[in-house]
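Participant: model the following, please.
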Amino acid sequence: MAAPEFVHLHLHTEFSLLDGACHLDELAKAAKEMGMKAMAITYHGAMFGAVGWAAACNKAGIKPIIGCESYVALGSRLEKSGGGISNAYNHLGMIATTNE
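Facilitator: From the prediction side, this is the model:
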């Protein structure tokens with residue numbers, strides 16, 4: 001029986017200042033060496049490394065997957081209640097499925 005394939009879908013790189021230190025080229029190369037066919041990057045509320053990630057993965061011969069992590073909270077971002085930060089939020093990971 002063949003081992004199941006693994007695709008990492010939650011990963012931060014050098015562009016996630018507080019969460020990651022992996023360099024795009026080195027990460028893509030390591031993924032290829034471990035036999036991965038694809039790998040995703042997910043940044044908190046931004047996609048700063050998306051273009052570089054796609055280039056690094058294409059160079060290494062693996063499929064780049066682009067993602068983003070968002071926080072979903074109760075209420076509106078426009079509300080200014082002054083009551084402090086609420087702990088009532090959820091962490092939502094989103095993965096792009098098309099180029100659109």
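Participant: so M36 touches I62, yeah?
Facilitator: Yes - M36 is in contact with I62 according to C-beta atoms under 8 Å; the separation is 6.0 Å. Glycine gets a C-beta too; all of them are placed from N, C-alpha and C.
Participant: tell me what the strand or helix carrying I41 is packed against?
Facilitator: When elements are assigned from DSSP states H and E, I41 belongs to strand 38-44. Applying 3 or more C-beta pairs under 8 Å, 6 or more residues apart in numbering; DSSP states H and E, one finds that strand 38-44 contacts helix 24-33, helix 50-60, strand 63-73, strand 89-95.
Participant: 6 Å instead, please
Facilitator: Judged by 3 or more C-beta pairs under 6 Å, 6 or more residues apart in numbering; DSSP states H and E, strand 38-44 is in contact with strand 63-73.
Participant: hmm, K32 is touching P64, no?
Facilitator: No - with contact defined as C-beta atoms under 6 Å, K32 does not reach P64; the gap is 11.8 Å.
Participant: more crowded one of those two?
Facilitator: Using other C-beta atoms under 10 Å as the criterion, K32 and P64 rank with P64 on top: 21 against 16.
Participant: just to revisit the earlier point, report the inter-axis angle for the strand holding I41 versus strand 63-73.
Facilitator: Angle of strand 38-44 versus strand 63-73, following axes from the mean of the first three to the mean of the last three C-alpha atoms, to 10 degrees, is 30 degrees.
Participant: what's the angle from strand 38-44 to helix 24-33?
Facilitator: 140 degrees.
Participant: identify all contacting residues around strand 38-44.
Facilitator: 7-11, 13, 16, 31, 53, 62-63, 65, 67, 69, 93 (C-beta atoms under 6 Å, 6 or more residues apart in numbering).
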